[in-house]
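1. Return atomic coordinates for the entry below.
(one chain, ligands or ions: 2)
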Amino acid sequence: MTIKAHQRLLLTGAAGGLGQALRERLKANCEVLRLSDRVDFGPAAADEEIMLADLADAQAVDAMVQGVQAIVHLGGVSVEGPFGPILQANILGLYNLYEAARLHGVMRVVFASSNHVTGFYRQCDTIDASAPPRPDSLYGVSKAFGEDLSRFYFDRYGIETACVRIGSSFPEPKDRRMLATWLSFDDLHRLITACLTTPVLGHSIVFGMSDNAVTWWDNNQARHIGYVPQDSSDVFRDAVYARTSAPDLSDPVAQFQGGGFVVAGPFAF
Ligand code: NAI
Ligand code: 15L
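-> Ligands and ions are numbered 1, 2, ... in the order given. Got it, this is the predicted structure:
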């Protein structure tokens, strides 16, 4: 049984792909689940509250955060694109979120970081949380900013954060790269639950992946979180190989962990 570690839990980005996947699952983690996004996504169900907010709007973010005990922060731009929206949602928006957390005494945050913080490591490298960031995109740079901002709020104010460098969280791995990066929705929920319930979280970086045989990431520095994945991309391997061709190893997309993000853009502001 999942421990309801917090009375009222805030989930941002609730209208997005992962927000929808987690909405039902996270009800097990709290008495009241507060859901937020910039876009309207319909009415609240039992044991839910909905508070729409643009992350760039400090007042709206303040209201969104007031009264919760913990935050699962998924909201923001989730792919590479023009810098303007990334700046508003992922940089200014994250600052607004942590300021609101500080003002309202919210002491634990699960931050959806991304594997694109380290996307310029090679697919033959195995890295752990001590590897310096090598972002593969402006999007990845914004997530690296989020990891540093949350570390500052921990060192200065004691707000604990798990920076979850999510790999590829979709119903199934879509291509050969995702056989290494895949994170099932159930394992994502297990990982978030571990981050919400571990006695001492501190400021931690954890790679969000299932128990995939091929991996580029080592989570040994996150053992205090207590995450034990139970799914694996391996059951999809034969099907993925059958429908995809062998990678061109001279192509940066096949060389680097970030895949297509290493060549995306540039985009107009
Ligand atoms: P998504 O793009 O489906 O959802 C993001 C949500 O954030 C959307 O509903 C959008 O309306 C909202 N949003 C965007 N800008 C906003 C703003 N200014 N104010 C308020 N809300 C805003 O993305 P997805 O796949 O659900 O990912 C969720 C989080 O996890 C994102 O932060 C993403 O960067 C991160 N992540 C996801 C991965 C995945 O495999 N799905 C991999 C790595 C990281
Ligand atoms: C991400 O950070 C994105 O949010 C997601 O849409 C995927 O592209 C994922 O990384 C990935 O690397 O597969």
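2. Alongside ligand 1, which residues does the stretch 51-200 of the chain contribute?
-> 54-56, 74-78, 88-89, 93, 112, 114, 166, 168-169 (CB under 6 Å from any ligand atom). C-beta coordinates here come from the backbone N, C-alpha and C atoms, glycine included.
3. In the chain, what residue lies closest to ligand 1?
-> Minimum separation of the chain from ligand 1 (CB to the nearest ligand atom) falls at residue 16, amounting to 2.0 Å.
4. show me which of the residues of the stretch 51-200 of the chain next to ligand 1 neighbour ligand 2.
-> Answer for those near ligand 2 (CB under 6 Å from any ligand atom): 78, 114, 168.
5. Out of these, list just those in strands.
-> Using DSSP state E, the subset of those located in strands is residue 114.
6. Just the CA trace of the longest helix belonging to the chain, in PDB.
-> Assignment by DSSP state H gives helix 138-157 as the longest helix of the chain. Coordinates of the C-alpha atoms in helix 138-157 are reproduced here as PDB (Å, rounded to 0.1, in the frame of the first residue of the first chain):
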ATOM      1  CA  LEU A 138      18.200  24.900 -24.900                       C
ATOM      2  CA  TYR A 139      15.500  22.700 -23.300                       C
ATOM      3  CA  GLY A 140      18.300  20.700 -21.600                       C
ATOM      4  CA  VAL A 141      20.000  23.900 -20.500                       C
ATOM      5  CA  SER A 142      16.700  25.000 -18.900                       C
ATOM      6  CA  LYS A 143      16.500  21.700 -17.000                       C
ATOM      7  CA  ALA A 144      20.100  22.100 -15.800                       C
ATOM      8  CA  PHE A 145      19.100  25.500 -14.500                       C
ATOM      9  CA  GLY A 146      16.300  23.900 -12.700                       C
ATOM     10  CA  GLU A 147      18.700  21.400 -11.000                       C
ATOM     11  CA  ASP A 148      20.900  24.300  -9.900                       C
ATOM     12  CA  LEU A 149      18.100  26.500  -8.800                       C
ATOM     13  CA  SER A 150      16.600  23.600  -6.700                       C
ATOM     14  CA  ARG A 151      20.100  23.000  -5.200                       C
ATOM     15  CA  PHE A 152      20.300  26.600  -4.200                       C
ATOM     16  CA  TYR A 153      16.900  26.500  -2.500                       C
ATOM     17  CA  PHE A 154      18.000  23.300  -0.600                       C
ATOM     18  CA  ASP A 155      21.400  24.800   0.500                       C
ATOM     19  CA  ARG A 156      19.900  28.100   1.500                       C
ATOM     20  CA  TYR A 157      16.400  27.200   2.700                       C
END
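7. Which helix or strand lies directly C-terminal to it?
-> strand 160-166 (DSSP states H and E).
8. Could you identify the helix or strand that succeeds that next one?
-> helix 176-181.
9. nearest spatial neighbour of the residue nearest in space to the middle of the chain, skipping sequence neighbours?
-> In the chain, the residue lying closest to the centroid (CA atoms, centre = their mean) is residue 112, at 2.0 Å. Leaving aside its chain neighbours, residue 112 sits nearest to residue 74 (4.6 Å; criterion: CB to CB, 6 or more residues apart in numbering).
10. Roughly how far does residue 221 sit from residue 147?
-> 14 Å (CB to CB, to the nearest Å).
11. shared neighbours, those two?
-> residue 205 (CB atoms under 8 Å, 6 or more residues apart in numbering).
12. Comparing those two, which residue is more hemmed in?
-> Higher neighbour count among residue 221 and residue 147: residue 147, with 20 against 14, using other CB atoms under 10 Å.
13. No further questions, thank you.
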